[in-house]
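Q: have a look at this fold, sequence not included:
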């Protein structure tokens, strides 16, 4: 009886200790950093339908850059914040492919129809399989893919003009991507 | 010069916190009155220094002192004065300073109001709060100093405040939320003081109760404000996203709600002591956990601040010391707590316990959903995300279950109840709930929906039982209606009002999430779109210059059967410094519906993508929150708290004299 009581009253402490251990491990792994093994490796293999036409399938071979791959969903508030930036980049001629992640295809199509569609086409990743292979932490995420179909950069979170100029633009240039004359200065942030 | 003095004031606040923690706690252990007496002045001193630092930082913002790095990153000469002031807590360092200030404010309040309490108790409570302050103030000082200078090369102008935060909602939302979060530190400190002293009785519960209720009220207001802000500022018509930061404020609220109810039982009946103490620890621990999740960069979120592993480790160590230490104390001391009375299966105690269990299950489910991605990552199973589908699936049934028990609880007597006596009342309530819910669905006229029927039925169930019980009590006073109403205590009225507030919120959530209409349309000048009974006519756009942004404003005239209802002016703003584009939705709020228009993208043919929403009963969601908080404040004004503090303090002082430390 006495032992049982000790066991019961130490339960909260034990549970917390377990949680703290996980946190300790979690701090090292910054969620916005892609495991370095994936950088400069080919895009993971997949065979998935497109959002535009679910009878048509695409594979990783259809991703030949330089282009930008954006993971998005209609349930994701940060994607909402990010959307105008994507439209702006697409208007300036940056080629972009969307991965519609764990979403309702009908809602997603409606979303693009109404709020503007920055994507050339979208991969329909309804179950999140591709997201799992990519190591997607959460929507939105943005990848830069080079001409050989290799992942050159990953950014987690909402793209902002600042991030584009400081982080993605230099890599985009080094990949020899399409370079609209006014992209860098016009999207420039405070710095 | 002011920033250096501000920095020094933080150092002094840390010194005060150290004194406030070490001397009184040691004094309480040794029963040294002079050491214990230090607690109160040290608490006032700590508050004074932090207030000075906070005002110093505010001055740096108002006077555009861009030599201070934090000011340069979060303000700009073009920023309107109000936002310069709210920018003080717009970033990590400043909001942490606000947090520390709020903690010191609560501590000073406890120091002031605890004067009638036995000195051993108030010294321990203030000492524990001092320990928490040491953690936060040193976190501020060593990892996040808001007064760091950018010398000698400081920028001529600042980087501006994030436009998402340039908003009235953000001026008031964080202070309210922090008042709530940090307020649970008082209940926590009382719990730890009780465990240290080995005495947790109904007097202890009575002292903790008002503090817990105040904190809960502020947290309720803070969460409602945050939801309201997301609704109008993000321009997407959504009002709750199950974002980690939202969850971080929601979990302490759930645990705090459980704590309030459990404290009531401990005060009235002297049972559930260990459980109540555990809840007090849990509510504050979840507040700290929320801070950890938001500040350590373990999770990404719309609201999250920049990730910094050094800060992450600091908070984790602090979290482990506070939570681990208090749970260890709980393990050793709480076993000795004895119940002072017994109760039957059918008793109010039992139903409040059920309510508690449901609330804690809900907390656990939210926690699991929030931490799942981290767990997955740490175990090396890859990275995943948990979206609203999970939360909605688990949360809807559990809230309905909660409503069911909320209805029954107040009917049942303490200790023992003949359930046979209740059968008629419950049956009557059941019939009325089913009838009124069916009537409501018929009035809405949008087809049968079992979930809506169930949810509205439970809303009627809770409010019918609550109101008919109140009427019964008023009539049994046999003193006329008004006199009977006045005879009921304020804490009873507070309870009734808060529960009705919950009903209003649940009804609002049910209606708005089921029956809202969203239309995304392409509109050029002269176009009209029909949504529900309303016609929205698009009159065109014009460009307007704001203080630190350029704005494209559209004019939308809303009519109902040819009658002009309102003119909505949604905007799209381009902020000049950061170049961010923000959508400012235009909203016509109403008692039974919100009309909401947000401007999308310009289309190649000169027309615009426009989002138009019809959101029924939207205001009820936040209105209910305000009613809940109002109920809490009314309960607080009950005079028995003030009277009994004196009585029980005298009794305790007698009992404690010569007692062990």
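A: Here it is on my side, so go on. For clarity, every value in this text was computed on a predicted model and none was experimentally measured.

Q: give me the element residue B:283 is part of.
A: Secondary structure from DSSP states H and E places residue B:283 in helix B:273-295.

Q: and the helix or strand that that helix is followed by, what other elements does it pack with?
A: Remark: after helix B:273-295, the chain's next helix or strand is helix B:309-319, criterion DSSP H and E. Judged by 3 or more Cβ pairs under 8 Å, 6 or more residues apart in numbering or on different chains; DSSP states H and E, the packing partners of helix B:309-319 are helix A:2-28, helix B:119-143, helix B:273-295. To be clear about C-beta, it is placed using only N, CA and C from the backbone, and glycine gets the same treatment.

Q: now the longest one: how far from the chain's centre is it?
A: Right, helix A:2-28. 34 Å (Cα atoms, centre = their mean, to the nearest Å).

Q: now do the helix or strand residue B:331 falls within and helix B:119-143, the angle between them.
A: Secondary structure assignment for residue B:331, by DSSP H and E: helix B:325-333. Interaxial angle, helix B:325-333 versus helix B:119-143 (axes from the mean of the first three to the mean of the last three Cα atoms, to 10 degrees): 150 degrees.

Q: ok, and what's touching helix B:325-333?
A: A:6, A:9-10, A:12-13, A:16, B:188, B:191-192, B:195-196, B:198, B:274, B:277-278, B:281, B:285 (Cβ atoms under 8 Å, 6 or more residues apart in numbering or on different chains).

Q: could you redo the last one with a cut-off of 6 Å?
A: A:9, A:10, A:12, A:13, A:16, B:192, B:195, B:281 (Cβ atoms under 6 Å, 6 or more residues apart in numbering or on different chains).

Q: would you reformat those as JSON lines and include distance to residue B:426?
A: Putting the contacts of helix B:325-333 into JSON lines (distance: Cβ to Cβ, whole Å) gives the following:
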{"residue": "A:9", "distance to residue B:426": "37"}
{"residue": "A:10", "distance to residue B:426": "40"}
{"residue": "A:12", "distance to residue B:426": "35"}
{"residue": "A:13", "distance to residue B:426": "41"}
{"residue": "A:16", "distance to residue B:426": "40"}
{"residue": "B:192", "distance to residue B:426": "41"}
{"residue": "B:195", "distance to residue B:426": "39"}
{"residue": "B:281", "distance to residue B:426": "36"}
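
Q: and these, which is closest to residue B:411?
A: residue B:281 (31.0 Å; Cβ to Cβ).

Q: which pLDDT value goes with that closest one?
A: Model confidence at residue B:281, given as pLDDT, is 95.

Q: how does chain A divide into domains?
A: The record's domain split for chain A, according to automatic domain parsing, is A:1-30, A:33-186.

Q: okay, these, which one's buried deepest?
A: Mean neighbour count, computed with mean count of other Cβ atoms under 10 Å in any protein chain shown, is highest for domain A:33-186 among the domains of chain A, reaching a mean of 18.

Q: related to what we said a few turns ago, got TSV for the helices and strands packed on helix B:309-319, with distance to residue B:507 too?
A: Converted to TSV, the helices and strands packed on helix B:309-319 look like this (distance: least, Cβ to Cβ, whole Å):
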stretch	distance to residue B:507
helix A:2-28	36
helix B:119-143	38
helix B:273-295	27
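
Q: worst mean pLDDT among the ones you listed?
A: Among the helices and strands packed on helix B:309-319, helix A:2-28 carries the lowest mean pLDDT (a mean of 80).
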